[in-house]
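Peer 1: after the sequence you'll find the predicted model.
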Amino acid sequence: MPELPEMEITARRLGDVLPGQTLESALTPGLNVLKTFDPPLHAIDGGTFTGVRRRGKLLLLDLDTATGEPLTLLIHLMSAGRMQLFDKRGSLRDRTSRVLLRLPGDRELRLREFGTRQAAWVKLLRPDALEAEDMLRTLAPDAWPQPPDDLAERLRSPRPLHSLLRDQQVIAGVGRTWVDEILHAAKLSPFKRGDDLSADEVAALRSAMAGELGRVIEFYEDSVQLPLPEKFPKPTRVHAHQGEPCPRCGTTLEAVFYEDYVMSYCPQCQTEGRVLKDRRLSRLLK
């Protein structure tokens, strides 16, 4: 799933070129991708892009319509969606195409989605509806560039950190990939409870959030350009590197495998030498 770093560089790259551009037409080959009906999608035909923003994992494209009404396309890529800007328009028969935003000169901003789930969605919202939108209204503060001052209070829960940090109502923007990197940088077990954190551990977690997400964004700033990739490079040090040496202490990295993702960690740095068993089979080794 595209997380905060991937969405940040997407917003930056599109923000460099979209404002001031005319949107000639908007099409939705993915029939169930548009989750609103008023205003209709064709209301933005002939409109002008005024800005590109990001909140958490959400992308917001602001437009002024031909009649002067401001509207916003709120986009959630879910696990398999990608935004890409092409110099040539795609075919409506392309099964990966979910939304086609056609620009002058045969260019096209395309929401593509890979796989069979087709969970990505778009909403076209007026300012009042945007302000009331639940996905934004309940969204926690971003984990980057500055984690919220009340981070300790937000984490005060009996839930394990690996789950807690991925809750977008606790802290926004972190997902399965970068939570592994953050917890490793903070030297914290993924199964440590949020309400069991000391003040020093909260400080370490705050520093790791800003540092790791910032590191990835800097990497993308140097390596990711338009039209934007189908698959982002992942400058991970721990996530999905099980079986390799820990980059800090040299201990073999381990992993816990869930049904649809893997959680990677260092036993020496994070779990006091304990190896966590496959959660599909058993609980934590005593």
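Peer 2: Sure, I can see it. Numbers count the residues shown, from 1 in each chain.
Peer 1: show me where pLDDT drops low in the stretch 101-250 of the chain?
Peer 2: Nowhere does the stretch 101-250 of the chain drop to pLDDT under 70.
Peer 1: can we see that at 90?
Peer 2: Applying pLDDT under 90 to the stretch 101-250 of the chain flags the ranges 114-118.
Peer 1: how about the helices of it, start to end?
Peer 2: Applying DSSP state H, counting those that start in this stretch to the stretch 101-250 of the chain gives helices spanning 127-132, 134-137, 151-154, 161-164, 176-186, 199-223.
Peer 1: relative to A43, which of those is closest?
Peer 2: Of all the helices of the stretch 101-250 of the chain, it is helix 127-132 that lies closest to A43, at 12.8 Å by C-beta to C-beta. (Glycine included, C-beta is placed from N, CA and C.)
Peer 1: which other helices and strands contact the closest one?
Peer 2: Helix 127-132 sits against strand 70-76, with contacts defined as 3 or more C-beta pairs under 8 Å, 6 or more residues apart in numbering; DSSP states H and E.
Peer 1: residues of the strand it packs on that come out buried?
Peer 2: Residues L71, T72, L73, L74, I75, H76 are the ones in strand 70-76 that count as buried (16 or more other C-beta atoms under 10 Å).
Peer 1: now render those residues as JSON lines, adding distance to R13.
Peer 2: Shown next, in JSON lines, are the buried residues of strand 70-76 (distance: C-beta to C-beta, whole Å):
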{"residue": "L71", "distance to R13": "22"}
{"residue": "T72", "distance to R13": "19"}
{"residue": "L73", "distance to R13": "16"}
{"residue": "L74", "distance to R13": "19"}
{"residue": "I75", "distance to R13": "15"}
{"residue": "H76", "distance to R13": "18"}
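Peer 1: that older thread, return the most buried member of the helices of the stretch 101-250 of the chain.
Peer 2: helix 176-186 (a mean of 25; mean count of other C-beta atoms under 10 Å).
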